[in-house]
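Peer 1: Return a 3D structure for these sequence lines:
(chains A and B)
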Amino acid sequence: MTIRNRTIALFLAAALAQGAAYAQDVTAIMNARVLTGAGETIENGDIIIRNGRIAQIGADLSAPAGATVIDAAGKTVTPGIFAPISALGLSEINLDAEANDIGPDQEVGFPLGAALDATDAIRPSSTLIPVNRAGGVTRAVTAPAPGDSLFGGRAAVIDLTGRANSITRARVGQVVSLGYSGAARAGDTRLGAWALFRETLDEARSYAANPNDYVRRARDGRHVIADLKALGPVVAGEQPLLVSINGEADIRNLIRVKNEYGLRVIIVGGSEAWKVARGLAAANISVILDPLANLPAQFEDLGSTLENAARLNAAGVRIAFTGTPSGTHNLRALTQLAGIAVAYGLPYDAAIAALTRNPAEMYGLGASLGSLATGKTADIVVWDGDPLEVTSAAEAVFINGARQDLDNRQAALLRRYRDLSRGDLPFAYRGD
Amino acid sequence: MQQNAKLTIVATMACAISACAGENNEAAPDDAPQNSANAADAAPAAADDGNNGPVRPNTDPYPSTYEPYPSAATLITGATILTGTGARIDNGSVLIEGGKIAGVGADLTAPDGATIIEANGKWVTPGIIDIHSHLGNYPSPSTQSMSDGNEVTNPNTAQVWTEHSVWPQDAGFTRALAGGVTALQILPGSANLFGGRSAILKNVPARTVQDMKFPGAPYGMKMACGENPKRVYGQQGGPGTRMGNFAGYRAAWIEAQGYKKQWDDYWADYDEWDPKGDEDEPDAPSRDLKLETLAGALSGDIRVNMHCYRGDEMVQVLDMAKEFGYRVTTFHHAIEAYKVADKLAENGVCAAVWADWWGFKLEAYDTVRENAALVHAQDGGCAIIHSDDAHGIQRLNQEAGKAMAAGRRMGLELPEETVITWLTANPAKAMGVLDQTGTLEAGKMGDVVIWNGNPFSVYARAEHVFVDGALLYDRSDPKRSPRVDFELGQPGNDATGGAGQ
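Peer 2: Now for the predicted structure:
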């Protein structure tokens, strides 16, 4: 063993020891109203967290000796909020190119699309992460956005610890724009969007069937090999497509194409999805919708309604929420979207599930994330009131069983400026 | 002289056709400054002695034709009432009669034939007022063909009046009504240093924008700080920097001062001119729509609404206002208002803010959710929650709820009866219509909302919305739920109420 290797080994040993000590910590959240995310409510419920996981959950449990006990009497406990789509870690400031990596600019001819991979650029030290974590968000899907290509690239699931390695799972989905936003990238017509979509899938299949043959063949060069390669898991029906689409006719066509190609599909938007609710349920297509959408914003949104969430849920479609005012910077407001959906007919438990269990299941992580049950990863939030209420706040947040710091840049700004009286030193010396 | 004579004729004709500004003046609020020209404009009386009077441009050529809709006397009983004056009355009543608030209190009796609404468990507030909206000028559908909010052709387009862009058939107006909004200010966009004039509207479905215009409301003008103008014009002749922005404002104000002086001098000369004397009648200056609006801002007739995110820029704008002798009424968006809340209060300027939006650009990076509460907490502080958004306007109550909760959590005392002023009295004051609406006080317009519960809850929904006493929205009655022309005959949403879908 060289000295250099020994140093690394010692470092690793120290890190493991630290990790082990951490994992041996036991936390007991006692006496809370527990909403499991799986539709159950445990009044006076207790949760024992050990080794980052939920060791026990139920009523009338005893806190193990030596456990850190959190008395949550009068509080409500839910699984951590799981943001089903965002650009967390990819954008600090949307309008500054220097601080925005969400996707290529449009109309600049940047050649790649599907090949882009969020994990290449996610920055866990983004200030957006602690701000949203303080609002109870523990996991998020981080997705690139398309430039000139229909395809945006590969999304990842991250945790909101802000650790250097906060990737929960890479390449959980491929982003594609259809409908109006797809048309805008395909000759300003849906005809173009659908034809280009199918053609690209055909090419990806062809590439996947025999890559060596494909690269040797004469081609027109419109399809980049890296993109086709990235679409391999999509055409194999393994990796879901995250499809931006709204109108009823487009959604019906999407179901046809899905069946024809054997795709897995998650809809993002879906303002008229309720009109195709039974078809979506039958096709096992989930919908990430904006519960506020109730305007004829475009011709594809004429049927938009505040009852979209309630109607889709009633038909058995798995739903989750997204919205512009609760976008990447403000994922902490996803709970408000859920509350509004409840005000317009969505059952309360379904709203909680749409914030927690449903996104985890959409991305194939339901076995470990999204709900509170023995053996699951301990992503847990203790709320000071109804988690969906705009006046409520997260009091304690656990990710992987570890209690999180809820401080953030906005809290620091508040500390600095809450008192504007002139001090002995400038404001730059106040707070931290 | 020929040109001036023509102008006189035009002004007089406009007066004849439009029934004159004078009629509107009767309803004009005391604190709504009207151009002094109005009175004379309405009375071109001196014609008999061969003197046509001085040229006075019509200040109200597109006058309000709004008339309240018929209303029954209505008594709302048993409700929790937030009056908008800072008071809360539990188990109280509101009486609306003749379209006006007739009484608010614990014990009111209904006049004969009055409609009685038993509102036990409900909350009643003044109609919500949004000081920052683009409904009508950025309507739904948001096609390029209908996007009429930003005249991005020059950094100074003070000459445009956004009422000429407002499409009354924007479905957003009806959704806002279902959210309890009874009045709103439509502003031009923020691409330009000077964006143009605002339109202050009653939120009533109408065929024309004139049928929505708030009677007697003064005009506002939109200005913009910071990133937007330099982003739009940086590659198009400038301004390309914040210093360029200020140079642009100041040059325009200097020109406007000159223009205002020309007209003031002309009217003074005219007063001194003896028609029977030897001297020629004084020549009226040429009209310039751009400078006319800016001169109106200098004289205080037109209220300045300044889009400004950064605290340091706000303070520079306050100095500029002193340099040229005008007032800024409200800083809009005002992400960093909390950093300079003392200075805003000292200068009597309101801050219109979102509850928690942030980070879409660098000047919006430093938000705190306590922003509105910290502005309010200053002695004389004036906090407003605004939307700037067709969805946000539908739930300003919830946005205020978030801001209220953040303020309470840092230890400020913010009862609901205080926080409601951020959505009612404060925007009404800033827009110059507080003497007509914004509170539940006898004599004011019957602009009233009955909520299903505490309005600052995520589950709150407006159940009844009255505008000037007329029930224009009733969540339980599809016949009292408007649908705009654009929605007719379209594939709908299978909801019973158009606006409340």
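Peer 1: Just to check, A:Arg357 is in contact with A:Ser371?
Peer 2: Yes: in this structure, A:Arg357 is within contact of A:Ser371 by C-beta atoms under 8 Å, at 4.6 Å. The way it works is simple: take the backbone N, C-alpha and C, and place the C-beta from them, glycine included.
Peer 1: list the residues that contact both of those two?
Peer 2: Here A:Arg357 and A:Ser371 have A:37-38, A:79 as joint contacts, going by C-beta atoms under 8 Å, 6 or more residues apart in numbering or on different chains.
Peer 1: Including secondary structure and pLDDT, could the residues you listed go into CSV?
Peer 2: Below are these laid out as CSV (DSSP: H, G, I helix; E, B strand; the rest coil; pLDDT from 0 to 100):
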residue, secondary structure, pLDDT
A:Gly37, coil, 97
A:Ala38, coil, 95
A:Pro79, strand, 98
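Peer 1: Where do the domain boundaries of chain B fall?
Peer 2: B:1-63, B:127-240+B:303-436 (automatic domain parsing).
Peer 1: Now the weakest link among those domains, please, by mean pLDDT.
Peer 2: The weakest mean pLDDT among the domains of chain B belongs to domain B:1-63, with a mean of 49.
Peer 1: What residues does the stretch 401-501 of chain B have near chain A?
Peer 2: B:401-402, B:404-405, B:409-410, B:456-461, B:486-487, B:490-495, B:501 (C-beta under 8 Å from any C-beta of the partner chain).
Peer 1: Make CSV out of the domains of chain B and add mean neighbour count and distance to B:Ala72.
Peer 2: Shown next, in CSV, are the domains of chain B (neighbours: other C-beta atoms under 10 Å in any protein chain shown; distance: least, C-beta to C-beta, whole Å):
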stretch, mean neighbour count, distance to B:Ala72
domain B:1-63, 16, 23
domain B:127-240+B:303-436, 23, 17
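Peer 1: And the ones you listed: which comes nearest A:Ala143?
Peer 2: Taking C-beta to C-beta, domain B:127-240+B:303-436 is the member of the domains of chain B nearest to A:Ala143, at 17.5 Å.
Peer 1: Which helix or strand contains the residue of chain B found nearest chain A?
Peer 2: Of all residues in chain B, the one sitting closest to chain A is B:Val458 (3.2 Å; C-beta to the nearest C-beta). For B:Val458, there is no enclosing helix or strand under DSSP states H and E.
Peer 1: Spatially nearest residue to it (excluding sequence neighbours)?
Peer 2: Once flanking residues are discounted, B:Val458 sits nearest to A:Gly339: 3.2 Å by C-beta to C-beta, 6 or more residues apart in numbering or on different chains.
Peer 1: thinking again about what came up before, pull out the buried residues from the residues of the stretch 401-501 of chain B next to chain A.
Peer 2: B:401-402, B:404-405, B:410, B:456-461, B:486-487, B:493, B:495, B:501 (16 or more other C-beta atoms under 10 Å in any protein chain shown).
Peer 1: now, which of these lie within helices?
Peer 2: Among those, the ones falling in helices (DSSP state H) are B:401-402, B:404-405.
Peer 1: At which residues are the helices of the chain located?
Peer 2: Picked chain A for this. Assigned by DSSP H, the helices in chain A fall at A:3-24, A:128-133, A:179-183, A:190-209, A:211-216, A:225-230, A:232-235, A:248-261, A:277-282, A:308-314, A:334-343, A:348-355, A:357-362, A:409-417.
Peer 1: Wait, chain B was what I had in mind.
Peer 2: Using DSSP H, the helices of chain B run over B:2-17, B:20-27, B:37-42, B:171-178, B:227-233, B:242-272, B:289-299, B:311-324, B:341-346, B:371-377, B:396-409, B:416-419, B:425-431.
Peer 1: Quick one: closest of these to B:Thr157.
Peer 2: Per C-beta to C-beta, nearest to B:Thr157 of these: helix B:289-299, 7.4 Å.
Peer 1: and the angle from the closest one to helix B:311-324?
Peer 2: For helix B:289-299 against helix B:311-324, the angle by axes from the mean of the first three to the mean of the last three C-alpha atoms, to 10 degrees is 90 degrees.
Peer 1: Now tell me what touches helix B:289-299 from outside.
Peer 2: B:33, B:35-36, B:57, B:59, B:156-159, B:194, B:196-197, B:219, B:221, B:252-253, B:255-257, B:259-260, B:263, B:302-304, B:324-326.
Peer 1: quick one: furthest residue from the center of chain B?
Peer 2: Distance from the C-alpha centroid of chain B peaks at B:Asp278, with 48.2 Å (C-alpha atoms, centre = their mean).
Peer 1: The residue of the stretch 251-400 of chain A found nearest chain B: what's it in contact with?
Peer 2: Proximity of the stretch 251-400 of chain A to chain B (C-beta to the nearest C-beta) peaks at A:Gly339, 3.2 Å away. Residues counted as contacts of A:Gly339 (C-beta under 8 Å, 6+ apart) are A:351, A:386, A:388-390, B:458-459.
Peer 1: try B:Arg175
Peer 2: Contact analysis of B:Arg175 by C-beta under 8 Å, 6+ apart lists A:294-295, B:390, B:393-394, B:499.
Peer 1: Apply 10 Å and report the result again.
Peer 2: Taking C-beta atoms under 10 Å, 6 or more residues apart in numbering or on different chains, we find B:Arg175 in contact with A:292, A:294-295, A:306, B:135, B:140, B:181, B:390-391, B:393-394, B:482, B:484, B:498-501.
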